[in-house]
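Participant: Quick one: sequence and predicted model below, then my questions.
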Amino acid sequence: MKRILVTGAGGPAGVNFTLSLKLVGRGEVYIVGAEANKYHIHMAKADKVYLTPKAEEKRYIDTINRIIAEEAVELVYPQPDIEVQVISENREKISAKVFLPSKNTIRICQDKLKTVEVLEKKGVPVPETIEVKGEDDLKKAFEELKKPIWIRATRGAGGKGSTPASSLEVALAWIRYWKLRDEKLRFIAQEYLPGRNLAFHALFRDGELITSMARERVEYIYPSLSPSGITGTPAVQRTIHSEKVNRIAEEAVLAIDPNYNGIASVDLKEDVEGIPRITEINPGRTFTTSFFFSYAGKLLYRKLSMPVSWFANIPYLYLKVAYGESLPPLKKYNILPANIYWIRHIDIPGKILIDGKIAGEMYRTWFDD
């Protein structure tokens, strides 16, 4: 039995990762959860869960190693970005295997400005970007990028510190507000991209793309709560097939690291001409909604004549690759059909729609065949 530690196990992303592993079958994987929030720990779906310090605290690595020893953990999978960062930087101190991109790759990808700089040099489409160190940089942005511009923090998930701004006054006030909350935050101004909001979820081994799937975020949960309309996770999303998205996203990952290992979660936004531009790469961890593909694949594997029900289960495929196990033949792109919808909201079980009809209700029937 594989024994894996999942950090951030009580958050939505950690829960969906865990459910994806459990979807394959009970008895094959023993999942230990680590959670730093004393309330969220009760939401974890792991077989056993431990409360840990926050990743920024000195006791964090020692606590992770204590859990590894107590539970005979073989592999550590960090889910939240901050834990990806801390686990990555301390990987030599971790008493179990990690399957992550290189330290430098994670450093670059977790900095949106560095990501843009590297990709731009390699000819990968990215938004026009200006680093904002002061008011003069914002003035330059409004002159060169046209209105509105997009203001965002260089670090953080869920659209942290981002908003469209149509005036210098708004942009300045926005950055001042965030700086008062966290003076270490750095900001960039980017051209506003009006097209579709897209995502590319992929698994790599030594720079080889194992499999991938793209999707479109159609609606966000409670968009009115954020000036940008982006609140971190979609209420409605659908699978898409796009040669442009597949090519550009794969090129972006390999432009940063030709030997990339593990999961890459790539965000893209279309410009006025419909060209997808890379807005960020989330290294080493799944998107929040990883269970979407896992469950859709389980529902469809017989219909598509796939050899295994986990062909679209990227968390489980990640586990297989991390353990060096063989995989059945998999499509590099478009592992699922297009136009499968996941519709969900707070306190409501998600619905999978295939061919316009409800095919499954997640979190209630996810063990069913």
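Facilitator: Received the coordinates, thanks. Predicted model only: the values in this text are computed from it and were never measured.

Participant: What sits closest to the residue nearest in space to the middle of the chain if chain neighbours are left out?
Facilitator: In the chain, the C-alpha nearest the mean C-alpha coordinate belongs to residue 287, at 2.9 Å (C-alpha atoms, centre = their mean). Residue nearest to residue 287 in three dimensions, not counting chain neighbours: residue 265, with 4.7 Å by C-beta to C-beta, 6 or more residues apart in numbering. No exception for glycine: its C-beta is placed from N, CA and C like everyone else's.

Participant: Helix, strand, or coil at the one you found?
Facilitator: Classification of residue 265 using DSSP: H, G, I helix; E, B strand; the rest coil returns strand.

Participant: What count of nearby residues applies to it?
Facilitator: Per other C-beta atoms under 10 Å, the neighbour tally for residue 265 reads 24.

Participant: tell me which residues form a beta bridge with it?
Facilitator: Here residue 265 sits in beta bridges with residue 201, residue 282, going by DSSP bridges.

Participant: what do you get for the one 5 residues further on?
Facilitator: Applying DSSP bridges to residue 270 yields these beta-bridge partners: residue 276.

Participant: If I follow the layout properly, it ends up in contact with residue 198?
Facilitator: Yes - using C-beta atoms under 8 Å, residue 270 makes contact with residue 198 at a distance of 7.0 Å.

Participant: Which one's more surrounded, these two?
Facilitator: More crowded of residue 270 and residue 198, by other C-beta under 10 Å: residue 198, with 24 against 20.

Participant: who does the lengthiest strand in the chain touch, helix- and strand-wise?
Facilitator: Counting by DSSP state E, the longest strand found in the chain is strand 208-220. If you count contacts as 3 or more C-beta pairs under 8 Å, 6 or more residues apart in numbering; DSSP states H and E, strand 208-220 packs onto strand 197-205, strand 234-240, helix 243-256, helix 314-322.

Participant: In CSV, could you pull the C-alpha coordinates for stretch 1-15?
Facilitator: Extracted in CSV, the C-alpha atoms of stretch 1-15 (Å, rounded to 0.1, in the frame of the first residue of the first chain):
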residue,chain,number,x,y,z
MET,A,1,0.0,0.0,0.0
LYS,A,2,1.3,3.4,-0.9
ARG,A,3,1.6,5.9,2.0
ILE,A,4,1.3,9.5,1.0
LEU,A,5,1.2,12.8,3.0
VAL,A,6,-1.0,15.5,1.6
THR,A,7,-0.5,19.0,3.0
GLY,A,8,-3.4,21.5,3.1
ALA,A,9,-5.6,18.5,3.4
GLY,A,10,-8.6,20.4,4.8
GLY,A,11,-8.8,23.0,2.1
PRO,A,12,-10.8,22.6,-1.1
ALA,A,13,-7.8,21.8,-3.3
GLY,A,14,-6.5,19.3,-0.7
VAL,A,15,-9.9,17.6,-0.4
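
Participant: what is the mean pLDDT for it?
Facilitator: Confidence for stretch 1-15, expressed as mean pLDDT, is 97.

Participant: now swap in stretch 33-52 and tell me
Facilitator: The pLDDT scores in stretch 33-52 average 97.

Participant: Tell me how far it lies from the chain's centre.
Facilitator: 20 Å (C-alpha atoms, centre = their mean, to the nearest Å).
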